[in-house]
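J.: Build me a structure from this.
(one chain, ligands or ions: 1)
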Amino acid sequence: VSQRQPLVWFDGKFITGDAPEAPLTTHAMHYGTAVFEGIRSYATADGGAAVFRLPEHLERMRKGADMFGIEFDIERAGRAVLDTLRANGHRDAYIRPLTWMGTGTIGLDVDPLTQHLMVATLAKVVHLGGARTRLTVSPWKRNPATSLPPLKLSGAYVNSILAKREAKQRGFDEALFTDDKGYVVECTGANVFMVKNGEVTSVEHRDALPGITRDTMIALSGAQSREVTLHELLDADEVFVCGTAAEACAISVLDRREFGDNPVTRELAALYAQVVRGQDSRYAHWLTAV
Ligand code: PMP
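T.: Numbers count the residues shown, from 1 in each chain. The predicted structure is shown next:
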C-alpha cells in the first residue's frame, strides 16, 4: 500500500496526517503536557517487518503518562502501532506515539482535561545525518532529574532543543550535556559510550534517559555502566552515541579533540544492524512481528 498522505491513528480511528484535529486550547501545546516515544521497525528477510523492543518503549511511555495521570493502556497502544504500520504499508519506519492532555482548562490542574493518543509512522528516519558526528559540550545543563524525571515528557525536550540549536549555530552536529561536577550526562537525543583499550563503557547518569538502545548495546558488547567524566571521554580511543533514531553513531570530533578510526564502534553498529533486522536468532525475543 502506498499513500501520498500517511494515515495517523488518532483515538482509535485513522485520519489523514495533516488534518488539523487539535483545538488551539490544547493543554499540551501550551504547557508540554504530553508524552511521546521514538520506536523503529525494520524490514526482515522473510519479506515482513518487525518492531524493535516495542514492549520496552511502551513501558517507558506508560511511566511518563503516569507522571501526568494520563491513562495509558500498553496493549491498546501496541495494537495501534502495528495497525498503523500495516495501514501505511511501512516496513522500515520511525514510529511516533504521542499521548497528550487536550482541552478542559487553561489552568495547571490537569484533572479536568481530555486525554488523547496518536500514532504516526514515518518512512524516513530523522537521525544525526552523517556517518560520523561532530559533538560539542553544551553551555546548557541537562534538566536535573530532581526537577524533571528523565522520561520522554514533551515539555522537557525544550532543553534538548536549546542545546541542539546552540551546537548547530557553532557548526557542530550534536550537543553533549555535562553536569556541574564535570560528569557526562547524555546528548540531546542519544546516550554516550566510550571505548578505551578495547573496553566498552556506557555512561551512566541519573539525569540521563534510560535508553533502550543503550541497554541493547550493553547486552551486545558486555559494556560496563558507570559514571564518566568529560576528561575521561576526551581521553578515550573511541566515542559513540546511540539511540533508536541514531542507532550507533561514531563521534569524529568532540570540540577540539579529534578521534581516529573506530573499529569497535563499527563492529557493534554492524551487529546492532543485524539484531534489529532479525538476522541474529539470539535476540529474536526483542522483535515484534508486524
Ligand atoms: N536520551 C534522550 C534525551 C533521548 O531523547 C533518546 C531518544 N529516545 C535517547 C537518550 C536514546 O533512547 P532510546 O535508545 O531509548 O531511543
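
J.: what's in contact with the one helix or strand residue 60 maps to?
T.: Using DSSP states H and E, the element containing residue 60 is helix 54-68. Helix 54-68 has contacts (C-beta atoms under 8 Å, 6 or more residues apart in numbering) with 33, 35-39, 71-72, 74, 77-78, 81, 97, 99, 101, 110, 149, 151-153, 210, 212, 215, 244, 288. Just so you know, the C-beta spots here come from the backbone N, C-alpha and C atoms, and that holds for glycine as well.

J.: Just give the closest residue to whatever residue of the stretch 1-150 of the chain ends up closest to the ligand, not the sequence neighbours.
T.: Using C-beta to the nearest ligand atom, residue 38 is the residue of the stretch 1-150 of the chain that sits closest to the ligand, at 4.8 Å. Of all residues not flanking residue 38 in the chain, residue 244 sits nearest, at 4.8 Å (C-beta to C-beta, 6 or more residues apart in numbering).

J.: How far does the helix or strand of the chain with the lowest mean pLDDT sit from its chain's centre?
T.: Sorting the helices and strands of the chain by mean pLDDT, DSSP states H and E puts strand 13-16 at the bottom, at a mean of 93. Here the centre of strand 13-16 is set off from its chain's centre by 24 Å, with C-alpha atoms, centre = their mean, to the nearest Å.

J.: CA-only coordinates of it in CSV, if you can.
T.: The C-alpha trace of strand 13-16 is given here as CSV (Å, rounded to 0.1, in the frame of the first residue of the first chain):
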residue,chain,number,x,y,z
LYS,A,13,-9.5,5.7,14.2
PHE,A,14,-7.4,6.6,11.2
ILE,A,15,-7.1,10.1,9.9
THR,A,16,-5.1,11.8,7.2
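
J.: Report how many residues lie close to residue 273.
T.: 14 (other C-beta atoms under 10 Å).

J.: nope, residue 266 is what I meant
T.: By other C-beta under 10 Å, 15 other residues sit near residue 266.

J.: Please tell me I have it right and it contacts residue 250.
T.: Yes - with contact defined as C-beta atoms under 8 Å, residue 266 reaches residue 250; the gap is 7.3 Å.

J.: Could you point out which residue ranges in the chain have low pLDDT?
T.: Residues of the chain that meet the criterion pLDDT under 70 lie in 1-4, 20, 126-131.

J.: hang on, the earlier thing: ok, the residue nearest to residue 38 - contacts?
T.: For residue 244, the contact set (C-beta under 8 Å, 6+ apart) comprises 38, 39, 40, 52, 57, 94, 211, 212, 213.

J.: Report the beta-bridge partners for the fourth one.
T.: In other words, residue 52. Residue 52 has these beta-bridge partners by DSSP bridges: residue 287.

J.: who's in contact with it?
T.: Neighbour list for residue 52: 39, 40, 41, 42, 244, 276, 286, 287 [criterion: C-beta under 8 Å, 6+ apart].

J.: Widest-spaced pair of the residues you listed?
T.: 244 and 287 (14.1 Å; C-beta to C-beta).

J.: circling back to that earlier point, run me through the strand neighbours of the least confident helix or strand of the chain, direction for each.
T.: The strands that strand 13-16 pairs with in its sheet are strand 7-10 (antiparallel) (by DSSP bridges).

J.: How about residue 226, nearest residue that isn't a chain neighbour?
T.: residue 204 (5.5 Å).
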